[in-house]
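Chemist: Structure of the sequence below:
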Amino acid sequence: RILPALTLGYQLATDESNTSRAAVQTMGLSVSHISYDGAGSRAAIRTVAVWVSFDHGVTWQRASVHGSSGQYAVSWANPASARGTRPAIRVTASDVIGGSITQTIFNAYTIAAG
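Modeler: Okay, the predicted model is just below:
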C-alpha cells in the first residue's frame, strides 16, 4: 500500500548559478502524491499557496499562484531593495482527503546584486 503523501516539485526561473536578474520572479510548481509504478493516491489538490521572505523568514509576502490539477505558475516581485540577498520560499498545499504539506526553503535562490 502506498500512503497518500503529497509531494512538491519546483522549477524556479534562475540561471545555472541559481541567480535571478528578473524584477518579477517566476516558478513552475507541481503538487502531486507519491506514487510507485502508477499506483498511489489520485485525490484532487484543494489548496496551494506560496509565500516569499526577503528577511530570513521574519516577514512573508504572498505570491500569485495560477493553475489547477497539480500544475501551477507562481510569480512575485523581486524588489530592488533585496538585490544581493537569498530569499526564502514557503509552499503549502492540501488535498480533498485531508492530506497537507508545508515546505520552507531558506536561501532558495540569489537575487543578482545589480
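
Chemist: Okay, and the beta partners of Arg62?
Modeler: Bridge pairing for Arg62 (DSSP bridges) gives the partners Trp51.

Chemist: again with Asp95
Modeler: Applying DSSP bridges, one finds that Asp95 bridges with Ile45.

Chemist: What distance do you get for the residue nearest the centre of the chain to Val50?
Modeler: Centroid-nearest residue in the chain, with CA atoms, centre = their mean: Val91, separated by 4.8 Å. Distance of Val91 to Val50, given as CB to CB, to the nearest Å: 5 Å. (C-beta placed from N, C-alpha, C; glycine too.)

Chemist: where do the contact lists of these two overlap?
Modeler: Leu29 (CB atoms under 8 Å, 6 or more residues apart in numbering).

Chemist: Would you check that Arg20 makes contact with Tyr109?
Modeler: No, residue 20 isn't Arg; it's Ser. Yes: if you go by CB atoms under 8 Å, Ser20 and Tyr109 touch, sitting 5.6 Å apart.
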